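**Q** give me a 3D structure for the following:
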Amino acid sequence: MSEEEKLSYSEAIKKAYASVSRFPLFPVRGIPLMSLIAQNWDSIWAFRPEPSDLLIATYPKADAEACKRVPTPLRSPFLESFNPPPVPSGLDLLKEMDPPRIIKTHLPFQLVPPGFWENKCKAIYVARNAKDNLVSYYHFDCMNMTQPDPGPWEGYIPKFMRGELAWGSWYDHVKGYWMKREKKNILYLFYEDMKGNPQREVERIMRYLDLSVSDEIISQIVELTSFKNMKENPMANYSWIPAVVFDQSISPFMRKGEVGDWRNHFTPEQSKMFDEDYEKQMNDVNIPFRTLI
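**A** Okay, here's the model as predicted:
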């Protein structure tokens with residue numbers, strides 16, 4: 001993509017959102033989604049991927065990505081992305097791409113278009129521990145001018161616990177993919193493992209995708225996908241998105257990426273309340289999350 005094309009895409013976003021404020025959420029099969037997604041739900045549900053396509057699924061603010069040449073949404077389209085004209089939707093971008101394609105989604109398992117499973121597409125799910133995910137999502141909602149106003153931190157915690165944020169309950173999200181991981185051949189990864197031992201996790205991904213690459217290439221991938229490199233990469237840190245959409249003066253898109261940053265936000269009382277609720281909501285599964293590494 002040329003500099004001119006990148007600029008035109010950014011300008012299109014600026015124009016599209018010039019008179020748009022934060023979108024309300026509407027339920028789709030019980031899951032709160034942004035209004036533009038809800039309005040276009042039928043076309044998302046009907047999407048038919050190619051068998052060679054790869055689905056990358058995460059709860060919001062649990063993923064990591066990198067590249068320096070092309071903005072992330074154009075390289076790996078976001079399946080349920082719908083914007084005011086003239087910005088193309090994720091489905092529009094996918095129509096222009098030849099398979100195999102890397103397709104991203106924040107949809108919970110039950111809302112993933114059935115074509116992915118019918119065509120036996122491979123899927124990678126990245127899960128992040130609840131407390132750090134909550135903190136990251138809060139800062140994202142503060143700077144993302146298209147999502148509902150998050151309100152104060154102390155009120156955001158119970159919203160997260162009740163699953164009232166966009167894309168629904170974190171608890172249901174991580175459990176949904178976990179319980180289907182073997183039947184649907186989903187590679188289930190943990191953000192904390194990717195931070196703690198990135199080479200091992202990259203090697204797991206390579207094996208899952210039936211790829212054979214040299215140790216040198218794996219080392220390069222590890223380096224390029226480090227949080228430090230992504231934070232400095234304008235194509236991954238979303239600095240090309242105009243402030244009318246992502247106001248990075250409030251919080252950067254790539255903020256810290258640390259495991260355990262939740263300790264800087266939760267009071268002891270909030271942590272105790274959260275932990276007690278967590279035990280109740282997660283007592284039917286044994287997913288090995290870590291809040292520290």
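**Q** C-alpha only now, for contacts and for neighbours.
**A** OK.
**Q** my guess is Val135 contacts His265. True?
**A** Yes. Between Val135 and His265 there is a contact under CA atoms under 8 Å: 7.4 Å.
**Q** which one's more surrounded, these two?
**A** Just comparing Val135 and His265: by other CA atoms under 10 Å the higher neighbour count belongs to Val135, 20 against 14.
**Q** contact partners of the helix or strand harbouring the more buried one?
**A** In the assignment (DSSP states H and E), Val135 maps to helix 130-143. Residues outside helix 130-143 that contact it (CA atoms under 8 Å, 6 or more residues apart in numbering) are 60-62, 147-150, 153, 156-157, 160, 170, 246-253, 255, 259-262, 265, 291.
**Q** only the buried subset of these, as a PyMOL command please.
**A** Buried residues within these, by 16 or more other CA atoms under 10 Å, are selected in PyMOL with:
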select buried, resi 60+61+62+147+148+149+150+156+157+160+170+246+247+248+252+253+259+261+262
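**Q** in helices, which of the contacts of helix 130-143 fall?
**A** Counting by DSSP state H, the part of the contacts of helix 130-143 found in helices is 153, 156-157, 160, 170.
**Q** can you list the residue ranges for helices in the chain?
**A** Assigned by DSSP H, the helices in the chain fall at 3-16, 35-39, 41-45, 72-75, 90-95, 115-118, 130-143, 153-162, 170-180, 191-196, 198-208, 215-224, 227-232, 268-281.
**Q** would you single out the least confident of these?
**A** The minimum mean pLDDT among these belongs to helix 72-75 (a mean of 60).
**Q** of all the helices of the chain, which one comes closest to Leu54?
**A** Closest to Leu54 of the helices of the chain is helix 115-118 (CA to CA; 8.9 Å).
**Q** quick one: residues in contact with the closest one.
**A** Outside helix 115-118, the residues touching it (CA under 8 Å, 6+ apart) are 46-49, 51, 184.
**Q** now, among those, which is nearest to Ser10?
**A** Phe47 (26.1 Å).
**Q** need the pLDDT of that closest one.
**A** At Phe47, pLDDT is 98.
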